[in-house]
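In: Quick one, what's the 3D model for this:
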Amino acid sequence: MEPRPVELATELPLRPQDELECRRCDVHCDKVVYPGACVERACPFLYAYEDHGHTFVGCMQKVYGVEIDLDLLRAAELSAGGFGAVKAVRRPLPMCSVEVESCYESRADELGCVNPEFSELPLGEPTFRVFATISG
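Out: The predicted structure is shown next:
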């Protein structure tokens with residue numbers, strides 16, 4: 001069976017910075033969030049529950065879709081690399097610790113990113129301003 005060719009989108013969306021993943025080139029970028037920052041910042045949308053003697057935490061807004069053992073998260077945060085990031089499955093909130101992670105950076109061509117606005121993290125207002133000078 002032959003592998004199916006990957007179809008790349010040919011046009012950019014209206015608000016690329018609101019997307020959670022970009023597959024417009026071979027690099028493949030995703031927005032990721034850091035659950036350790038949610039715990040550290042005491043995010044009001046962080047929930048916790050106990051099951052089988054362990055405490056699990058998750059996001060009430062479902063910015064990330066996993067529930068994490070709190071003891072393992074805290075232990076990992078104490079290590080040099082920290083717990084790390086998980087893929088965002090919904091648009092991150094302004095208080096989220098968010099980054100764009102590229103999966104295959106070596107596949108980038110000499111022109112660079114075909115969707116540079118994807119890496120701009122939305123903060124509830126436009127990500128750029130247009131200034132015009134009118135001379136008469």
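
In: So in terms of bridging, what pairs with the one residue sitting closest to the centre of the chain?
Out: Closest to where the C-alpha atoms of the chain average out (C-alpha atoms, centre = their mean) is residue 31, at 2.1 Å. Judged by DSSP bridges, the bridge partners of residue 31 are residue 100.

In: what separates it from residue 20, distance-wise?
Out: Distance from residue 31 to residue 20, counting by C-beta to C-beta, to the nearest Å: 5 Å. Any C-beta I mention is one placed from the backbone N, CA and C, and that applies to glycine too.

In: joint contacts of those two?
Out: Counting by C-beta atoms under 8 Å, 6 or more residues apart in numbering, the common neighbours of residue 31 and residue 20 are 87-88.

In: I'd like to know how many residues surround residue 65.
Out: The number of residues packed around residue 65, counting by other C-beta atoms under 10 Å, is 12.

In: same thing with residue 14?
Out: By the measure other C-beta under 10 Å, the count of residues near residue 14 is 6.

In: what about it, distance to residue 69?
Out: Between residue 14 and residue 69 the distance, using C-beta to C-beta, works out to 39 Å.
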